[in-house]
Every structure is written in C-alpha cells, then in structure tokens.
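> give the three-dimensional model of this entry:
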Amino acid sequence: MKFTGKKALVFGTGLSGIAAADLLSENQIKVVLYDEKQVEEEKLLERLKHRELVQIYSGKLPKEVKDGIDSVILSPGVPLDSPLVEELKASGKSILGEVELAYRFAKGDVLAITGTNGKTTTTALLGEIMKGFQREVFVVGNIGNPYTSVAEQMTENSVTVAEVSSFQLETIETFRPRVSAILNVTPDHLNRHHTMEAYWEAKAAITRNQRAEDTCILNYEDPYTRNLAEKIPARVVFFSSRRVLEDGIYLKDGKIFVGQEAFCDTKDLQILGTHNYENVMAAVGMAIAYGVPKETVKKAVLAFGGVEHRIEYVAEKHKVAYYNDSKGTNPDAAIKGIQAMNRPTVLIGGGYDKDSHYKEWIESFQGKVRKLVLVGDTKEKIAKEAEACGFFEYVFADTFQEAVALAADLAQEGDAVLLSPACASWDMFPNYEARGETFKELVRAL
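Predicted structure coming up:
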C-alpha cells in the first residue's frame with residue numbers, strides 16, 4: 001500500500017522530519033514542514049532536496065493550511081496526544097509515523113528490533129551479520145539513519161535491519177517485519193506513554209501484522225515478553241540468559257547454545273556483560289530464523305566490537321579508566337553499565353526527567369560505585385532517592401563540564417569514571433550522542 005495523499009504535513013524538523021519531507025517531495029507530493037518551536041526557515045530549506053515543493057511553518061499552524069492537507073506524518077518525538085495531532089485526527093486526517101511512511105515506499109524484507117534496552121547493539125550486530133549474507137543491506141531507525149532517507153533505494157532483494165522505538169510503533173498500520181524481536185520491557189518514557197500498559201502495547205505492535213510464516217524472537221526471562229508469546233501470530237523463538245531451553249537460544253557455562261548445539265564461547269566475544277550476551281542471542285536467533293548459515297552468523301558475531309556510547313572505553317588518565325555509556329538513558333540501561341565495571345567507580349548521573357524512579361539503580365551501586373556526581377534536571381530527585389536508600393556519597397555539579405572535572409578529581413588510581421546517566425540528555429544536549437561526544441572530548445582534554 002503506497003502513500004496516496006497529494007499534500008502532507010510533516011510534524012517535526014529533525015533528521016526524521018527532513019528525511020520524510022524529502023521522500024514525499026521526491027514523489028511529487030507537496031509538503032508542509034512544521035515545528036511547534038520557532039525554526040530558521042532558510043537553514044531548513046538548505047537541508048531539503050526539493051525546497052520548491054515544501055512550505056515551512058512554525059508556532060501556530062493557520063487554519064487554511066490544516067484544511068489543505070490530506071495526511072500527517074509524525075516524527076518520533078511528537079506525541080499522539082499533542083493537541084494539534086488530536087485536532088487533525090478528529091478532522092479525519094490520516095496520521096502516520098515515519099516508519100510506516102518508509103515501509104510503504106520501501107521494498108524487500110524487514111528485520112525489526114524493539115525493546116527498552118539493547119536495541120542499538122542488537123541492530124548493529126544483526127546489520128553486520130546480514131552484510132556477510134546479502135548484498136543489499138540497510139541498517140535504519142533510531143541507530144541514526146532514518147528509514148525514510150533510504151526507502152527509495154531498496155529493491156526486492158534488499159534486507160532492512162530496523163531499530164524501532166515505542167514512539168515509532170504507535171503509528172504503524174501495515175508495517176510487517178519478516179523477523180521481529182522484543183528484547184525486554186522495563187519502565188521508560190512514562191512521561192510520553194503515561195502507563196506501563198500503553199508502553200507495553202506500543203512495543204507489542206511490532207508483531208501486529210506478522211503472519212504464521214514470520215518469526216518473533218522473545219526474551220524468556222522478561223515476564224512481559226514471555227507472556228506475550230501466546231498472543232503473537234508469528235512463530236516464537238525464545239532466548240534466555242538463565243536457563244536451558246529445549247528449543248531456543250540460551251547461555252550455559254559461559255557458552256551460547258542454539259538448541260542443543262554450542263554456538264560460541266562468550267570469552268571469544270569482544271562485547272562484555274550478560275546484557276550483551278542477550279543482545280547476541282537475539283541477533284543470532286533473528287539471523288538463523290531468516291536463513292543465514294550458522295558459520296556466517298558466527299564469523300560476524302566474533303568480529304563485532306560493540307557500538308559507540310554504550311559502555312565505550314574512552315581513555316586512561318592518571319591510571320583512571322574512563323567509560324562513555326551516554327546511551328544509558330534510563331535506570332535499567334544504566335544498571336547494565338554499572339554491572340559491567342570491574343573496579344571502584346565514580347559515576348556521573350542525571351539529566352532530563354522521564355518520570356523514572358531510581359531506587360533499583362541506586363541499589364545496584366553496592367560494591368561498585370564509590371562516588372556519584374549528579375548533574376541536570378533530575379539531580380535533586382536522584383539525591384533524595386539516594387538518601388532514602390542509604391547512599392550519601394554524592395555531589396552536585398552545575399554544568400556537564402563541571403561534572404566531568406569533579407569526577408576526575410574524585411577518582412583515585414585504579415578507579416573507573418563512568419558516564420551512565422540513567423536519564424535522557426534533552427535538558428543539556430540535543431541527544432545522547434552529543435552528550436557522549438562532549439564527555440569524550442572533555443576526558444581527552446584532561
């Protein structure tokens with residue numbers, strides 16, 4: 001089902017919005033590119049491929065513009081309960097997300113990954129596996145390459161490996177992956193979804209259009225994904241880091257097994273930690289389900305070195321090791337970062353508040369975190385929860401630069417300094433990548 005409108009509103013002017021506007025205008029569809037915040041029109045026009053087909057509006061959208069559009073394309077950051085979105089929906093406009101739009105123009109098969117944590121690592125690894133098997137491979141989504149930016153390059157022989165968020169899955173209609181995976185579901189983005197039930201439903205949407213001949217890879221150790229299995233139309237394959245599965249992928253005695261056959265030894269992997277072994281199992285399960293030979297899968301798995309901003313080693317300064325885990329944007333992800341540390345740690349935490357709770361994160365400090373440097377909008381909220389947990393070894397920083405300098409001063413020889421904020425970056429940075437890059441620059445300048 002292709003896109004059929006004559007004039008579309010693209011809501012959001014970030015990477016996804018620009019890519020969606022380009023895709024539509026290349027197909028001779030007129031575009032209204034809109035942002036609630038004031039934007040620099042000339043700079044936006046410079047980024048567009050067909051500026052003559054695009055009108056730009058910011059702030060209040062005039063009534064005659066609303067009346068003249070057929071469809072609305074939402075960037076992932078735009079909530080469905082935004083007053084303007086609700087108004088447009090009530091007036092009968094079609095509301096689609098960037099992933100659904102791309103899927104309608106794209107060709108070939110899709111392998112799609114969602115979950116609260118581990119999406120980027122699993123997507124990057126699966127992308128590398130598929131490149132060893134197929135000539136035309138596209139790795140898209142939250143990993144930094146909008147799906148809409150490459151949709152028209154795809155052919156019937158293409159394989160697209162897509163990282164998809166709950167925000168993007170809220171607005172799918174026909175999107176159907178040949179193989180999907182839900183890695184885990186823990187509290188996150190509750191400021192957007194409001195309830196865990198709504199968040200769960202958004203994640204589960206990845207399987208909505210799958211059929212019996214498709215496959216879904218699920219984490220057996222996550223109660224939500226385990227219970228979801230009965231409702232999924234596709235064939236389900238489980239992975240587990242805690243138990244032997246008769247017909248699945250599991251971790252046992254330091255080895256990853258596929259069914260009853262040992263696939264690889266974890267000591268031969270370049271990425272560390274049980275959470276990463278789970279990501280490997282998910283990617284292996286997806287590739288094998290798609291028909292990739294095990295030897296091809298294994299070769300890519302053993303060569304994979306991980307992703308930037310996820311427990312990324314930066315440098316050693318004055319016998320202190322510095323790690324960038326800026327992608328630890330929620331407490332559960334940040335716990336994984338702490339668990340990966342093998343020395344006393346000075347932790348930098350705090351940032352934009354997504355209505356998260358930090359008790360379990362703070363409880364994971366025991367025996368690992370020696371000092372906590374707090375920065376950003378959540379610093380006082382986290383300090384209060386830390387004290388309630390009996391942890392008082394924290395200090396406040398007013399700026400991110402000060403936080404890094406304080407951590408360096410507090411660290412002793414043999415320590416690690418870990419940026420793993422347990423919060424989003426939007427109070428200080430446009431995204432977690434910018435936060436991670438700034439951290440690395442500051443560390444290298446020490």
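
> which parts of the longest helix belonging to the chain are buried?
Longest helix of the chain, by residue count under DSSP state H: helix 274-290. Of all the residues in helix 274-290, those buried under the rule 16 or more other C-beta atoms under 10 Å are 275-290. C-beta: built from backbone N, CA, C; applies to glycine.

> so residue 252 makes contact with residue 242?
No: Residue 252 is beyond contact range of residue 242, at 9.6 Å (criterion: C-beta atoms under 8 Å).

> with neighbour numbers in mind, choose between these two.
residue 252 (14 against 10; other C-beta atoms under 10 Å).

> tell me which residues touch residue 18, please.
33, 44, 47, 48 (C-beta atoms under 8 Å, 6 or more residues apart in numbering).

> now with 6 Å?
Contact analysis of residue 18 by C-beta atoms under 6 Å, 6 or more residues apart in numbering lists residue 47.

> ramachandran angles for it?
Phi and psi for residue 18, reported as degrees, to the nearest 10, are phi -60, psi -50.

> also residue 113?
According to degrees, to the nearest 10, residue 113 has phi -130, psi 130.

> what is the burial count for it?
With other C-beta under 10 Å as criterion, residue 113 counts 31.

> test my guess that it contacts residue 119.
Yes: the pair residue 113 / residue 119 is scored as a contact, 5.4 Å apart, by C-beta atoms under 6 Å.

> now the common contact residues for the two.
Shared contacts of residue 113 and residue 119, counting by C-beta under 6 Å, 6+ apart, come down to residue 163.

> using the record's domain definitions, break this structure down for me.
Split into domains by automatic domain parsing, the chain comes to 7-96, 106-303, 312-444.

> picking up where we left off before, name the residues that touch the longest helix of the chain?
111, 118, 121-122, 125-126, 129, 179, 181, 183, 215, 217, 237, 239, 241, 249, 251, 266, 297, 301, 336.

> which of the residues you listed fall within helices?
Counting by DSSP H, the contacts of helix 274-290 place 121, 122, 125, 126, 129, 297, 301, 336 in helices.

> and the residue nearest to the fifth one when sequence neighbours are not counted, how far is that from residue 264?
Leaving out its chain neighbours, the residue that sits closest to residue 129 by C-beta to C-beta, 6 or more residues apart in numbering is residue 300, at 4.2 Å. Note on residue 300: its distance to residue 264, by C-beta to C-beta, to the nearest Å, is 11 Å.

> ditto for residue 3
The gap separating residue 3 from residue 264 is 43 Å, by C-beta to C-beta.

> before we move on, what about residue 440?
In terms of C-beta to C-beta, residue 440 sits 30 Å off from residue 264.

> and residue 295, how many neighbours?
By other C-beta under 10 Å, 8 other residues sit near residue 295.

> need the contact list for residue 56.
By C-beta under 6 Å, 6+ apart, the neighbours of residue 56 are 33, 41, 44.

> what's downstream of the strand or helix carrying the last one, the next helix or strand?
It refers to residue 44. Using DSSP states H and E, residue 44 sits within helix 41-47. On the C-terminal side of helix 41-47, the nearest following helix or strand under DSSP H and E is strand 54-58.

> state the paired neighbours of that following strand in the sheet, together with their directions.
Sheet pairing for strand 54-58, assigned by DSSP bridges, gives strand 30-35 (parallel).

> now the strand it pairs with: buried residues?
30, 31, 32, 33, 34, 35.

> save those residues as TSV, and put in pLDDT and distance to residue 91 too.
Compiled in TSV, the buried residues of strand 30-35 are given as follows (pLDDT from 0 to 100; distance: C-beta to C-beta, whole Å):
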residue	pLDDT	distance to residue 91
30	93	18
31	94	19
32	93	15
33	94	20
34	92	15
35	91	20
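
> residue 418 reaches residue 323, doesn't it?
Yes: with contact defined as C-beta under 6 Å, residue 418 counts as touching residue 323 (4.8 Å).
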